[in-house]
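Colleague: Okay, here's the prediction I keep looking at, along with the sequence it came from:
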Amino acid sequence: VRPVVRGLTSNKGVGGPAYDAAASALFARFSTPPTDARKTAINSAFVALRSAGLLATQDLMWMAGADAQATQRNWLQDAYNLTPINSPVFTADRGYAGDGSSAYLATGLNPSSSPGLNATLNNVCLWAWSTRAAAASAALAGLTSEATPSIALTSRYTDNKSYANLNAAETTGPTNSDGSGLWLITRSASNSLSFYRNGALVSSLSTTTSSIRNAALNFLRAQNYWPGTLIAGGFGGAMDATKAAAHYAAVLAYLQAIGAA
């Protein structure tokens, strides 16, 4: 009898590899079974995220997959899966591209009303991995149905600055000349917000929360539509510097394994 290992399970029988329980659950939600190499890459990401304490604090995480159905799955639970709206362009292992006019990815997650979320008013993060270096007059992700979204992440606006809304009014972030990479905004207190790029802190800002708006969270769109490609994204509870670095390393390793980074 195979010994029980906490957090691990095997779906290959005696002598086969033992996978993290969350990884095995994700494999079962794919319409097309992943290859052994893909399972190894996904499992490694889950093991790293679990070790960093992130699986218990996040609500949504998606990453580029071998096909559209796999890419649309929320890695963390069978809820808040992505729904393509107005045909964003999918490329295997490279994610989804917006057209800047109507295409986006709906999550069905409403930070103000969806039950059981880890994200709260003063404990929240939003992240997305962009392959677009150029500036754009739109956010990578955020809430819709608002003239000014209370949650939005802009990696590089046309003035070469980054912007963030995280349960508060818009805040100006760091100046930058490259909008690509993993951008993460996170809040762990009512009066502060942090910007990370590729796991490294780039700006700490003073901004006070107001409320959690009643609106849907989407990728490739906030109040405007983003004309670029996202290969991963997520939403959940706040991350500190240690967790942000571990999160980036786990996501990067998976994307490198599939040739996306």
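Modeller: Everything's here; your move.
Colleague: thinking residue 95 is in contact with residue 71, fair?
Modeller: Yes. The pair residue 95 and residue 71 qualifies as a contact (CB atoms under 8 Å) at a distance of 6.6 Å. In short, each C-beta sits where N, CA and C put it, glycine included.
Colleague: Now do the shared contacts for these two.
Modeller: In the contact map built from CB atoms under 8 Å, 6 or more residues apart in numbering, the residues linked to both residue 95 and residue 71 are 63-64.
Colleague: of the two, who's got more company?
Modeller: Neighbours around residue 95 and residue 71, counted as other CB atoms under 10 Å, are more numerous at residue 95. The numbers are 28 against 24.
Colleague: and that one, what does it touch?
Modeller: By CB under 8 Å, 6+ apart, residue 95 lies in contact with 63-64, 71, 131, 229-232, 260.
Colleague: again with residue 185
Modeller: With CB under 8 Å, 6+ apart, residue 185 has these contacts: 125-127, 153, 164, 166, 173, 193-196.
Colleague: ok, residue 245 touching residue 200?
Modeller: Yes. Under the criterion of CB under 8 Å, residue 245 makes contact with residue 200 at 7.4 Å.
Colleague: which one of those two has more residues nearby?
Modeller: A count of neighbours by other CB under 10 Å puts residue 245 above the other of residue 245 and residue 200, at 17 against 12.
Colleague: A helix includes that one, no?
Modeller: Yes. Counting by DSSP: H, G, I helix; E, B strand; the rest coil, one finds residue 245 located in a helix.
Colleague: OK, contacts around it?
Modeller: The neighbourhood of residue 245, defined by CB under 8 Å, 6+ apart, consists of 199-200.
Colleague: so can I have a markdown table of the contacts of residue 95 showing pLDDT?
Modeller: What follows is the contacts of residue 95, written out as a markdown table (pLDDT from 0 to 100):
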| residue | pLDDT |
| --- | --- |
| 63 | 98 |
| 64 | 98 |
| 71 | 98 |
| 131 | 98 |
| 229 | 98 |
| 230 | 98 |
| 231 | 98 |
| 232 | 98 |
| 260 | 96 |
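Colleague: and those, which are buried?
Modeller: Buried members of the contacts of residue 95, scored by 16 or more other CB atoms under 10 Å, are 63-64, 71, 131, 229-232, 260.
Colleague: Rebuild these as a markdown table, extending it with secondary structure and distance to residue 50.
Modeller: Converted to a markdown table, the buried ones among the contacts of residue 95 look like this (DSSP: H, G, I helix; E, B strand; the rest coil; distance: CB to CB, whole Å):
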| residue | secondary structure | distance to residue 50 |
| --- | --- | --- |
| 63 | strand | 16 |
| 64 | coil | 21 |
| 71 | helix | 22 |
| 131 | coil | 27 |
| 229 | strand | 28 |
| 230 | strand | 24 |
| 231 | strand | 22 |
| 232 | strand | 18 |
| 260 | coil | 22 |
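Colleague: can you put these in JSON lines and add distance to residue 223?
Modeller: Supplementary listing: the buried ones among the contacts of residue 95 in JSON lines, determined by distance: CB to CB, whole Å:
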{"residue": "63", "distance to residue 223": "25"}
{"residue": "64", "distance to residue 223": "25"}
{"residue": "71", "distance to residue 223": "25"}
{"residue": "131", "distance to residue 223": "22"}
{"residue": "229", "distance to residue 223": "20"}
{"residue": "230", "distance to residue 223": "17"}
{"residue": "231", "distance to residue 223": "23"}
{"residue": "232", "distance to residue 223": "22"}
{"residue": "260", "distance to residue 223": "28"}
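Colleague: Quick check: the farthest pair among those residues?
Modeller: 71 and 131 (14.2 Å; CB to CB).
Colleague: my guess is residue 184 is in a strand, correct?
Modeller: Yes. Per three-state DSSP, residue 184 lies within a strand segment.
Colleague: ok, and the closest non-adjacent residue to it?
Modeller: Leaving aside its sequence neighbours, residue 184 sits nearest to residue 127 (CB to CB, 6 or more residues apart in numbering; 3.8 Å).
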